[in-house]
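# build me a model from this:
(2 chains)
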Amino acid sequence: MTEDEELVRRIRAGATDDYAELVRRHQSRVFAILHRYERDWQRVEDLAQETFFKAWRALAQFDGRAPFEHWVSRIAVRTALDHLRKETKHRKHDVALDDLGEDVLDWLHNDADRNELEAHSASEVLHLALRQLPPLDRAVIIQQELEGRNFREIAATLGTSVIAVRVRAVRARAKLRRALENLGAGPKPASRRRGTDPRPEI
Amino acid sequence: MNENKLQQLFTAARRETTPPPAGDFADAVLRAIRLAPAERLPDAFSLFDPLNRWGLRLAFASVAVIVLCASADLVMGAAGQPETDDAAAQVSTQYLMSVEDM
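Residues are numbered from 1 along each chain as shown, chains lettered A, B, ... in the order given. So this is what the prediction gives:
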């Protein structure tokens, strides 16, 4: 029995406080997943709390066939997807293209630019483009390209077939490429502004 | 955007590190769980749970249906209509006759 399974067993037996330990063990992974879907750090925290709350409520269904980390990751992805669906319905975003900075816009405008983008800027660009895709397409791209999951794992997370994921991945990639081209085709900003880093300043 | 550039974007985005969660995040989760109304650690699902919840009502409903059928039968019999046991006897006789014919 793994340490996680032992913790789950104790929690089920009534040791509620031990759940905090389980959260501490997996919070980094859950935050990392959610941060791929939502850039606003405050919302990421809310979603992480929702994820662990759902995991608590479903703890009786954890059968230990997969590691607890995989199980809670799946809940995190579904929570993120629900969030994206609500966001698509209720919020209209304006793409803050000029918030990206001139270096990023130059990179986008110039197909021959061989300079590498800084990790945070790349994530911001990708996020802006992904926002133009339907939630499921976004989830497939994020899991395949950023989290390195294979089609079978993605299908299990999304509760769909491997073939459906394959087809969606091809289409989503084409849509993403078009979205990035549209970003790159936009006008260059006159002035450089600060980025939209959601992280707290140290 | 060409494939090479797209891959470059993915590679750079993969390198991004996520800031650590707040130090008291786990405690906040636990507080939220404790504050949630009518939420408790759920037990494993058992068939006896719905039976316990609905058993008494089901029993009363069954008794009511039986009483209703019996009284309907009595009323029909009193009114000169064939009763249920007459009909049952007729059906079994017809069945026996058809078996004998074969």
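
# where does whatever residue of chain B ends up closest to chain A land in three-state SS?
Per C-beta to the nearest C-beta, B:A12 is where chain B lies closest to chain A, at 3.4 Å. The C-beta positions use only the backbone N, C-alpha and C, and glycine is treated the same way. State at B:A12, reduced to three classes by DSSP: H, G, I helix; E, B strand; the rest coil: helix.

# burial of it, as a residue count?
Burial of B:A12, expressed as a neighbour count using other C-beta atoms under 10 Å in any protein chain shown, amounts to 20.

# now for the closest residue to it other than its chain neighbours: which residues touch it?
Leaving out its chain neighbours, the residue that sits closest to B:A12 by C-beta to C-beta, 6 or more residues apart in numbering or on different chains is A:A122, at 3.4 Å. By C-beta atoms under 8 Å, 6 or more residues apart in numbering or on different chains, A:A122 lies in contact with B:9, B:12-13, B:15-16.

# give me the phi and psi for A:A122.
phi -60, psi -40 (degrees, to the nearest 10).

# thought the residue of chain B closest to chain A was touching A:N115?
No - using C-beta atoms under 8 Å, B:A12 is not in contact with A:N115, being 10.5 Å away.

# what touches both of the two?
Contacts common to B:A12 and A:N115, judged by C-beta under 8 Å, 6+ apart, are absent.

# distance-wise, check A:I154 relative to A:H70.
Going from A:I154 to A:H70 by C-beta to C-beta, to the nearest Å gives 13 Å.

# same check on B:Y95?
61 Å.

# of those two, give the one with the bigger neighbour count.
Set side by side, B:Y95 and A:H70 give different neighbour counts by other C-beta under 10 Å, the larger being at A:H70 (13 against 10).

# for the lowest-mean-pLDDT helix or strand in chain A, which positions count as buried?
Here the helix or strand of chain A ranked lowest by mean pLDDT, DSSP states H and E is helix A:102-109, holding a mean of 74. Buried positions in helix A:102-109, judged by neighbour count with 16 or more other C-beta atoms under 10 Å in any protein chain shown: A:104-105, A:107-108.

# A:A15: which element?
Counting by DSSP states H and E, no helix or strand carries A:A15.
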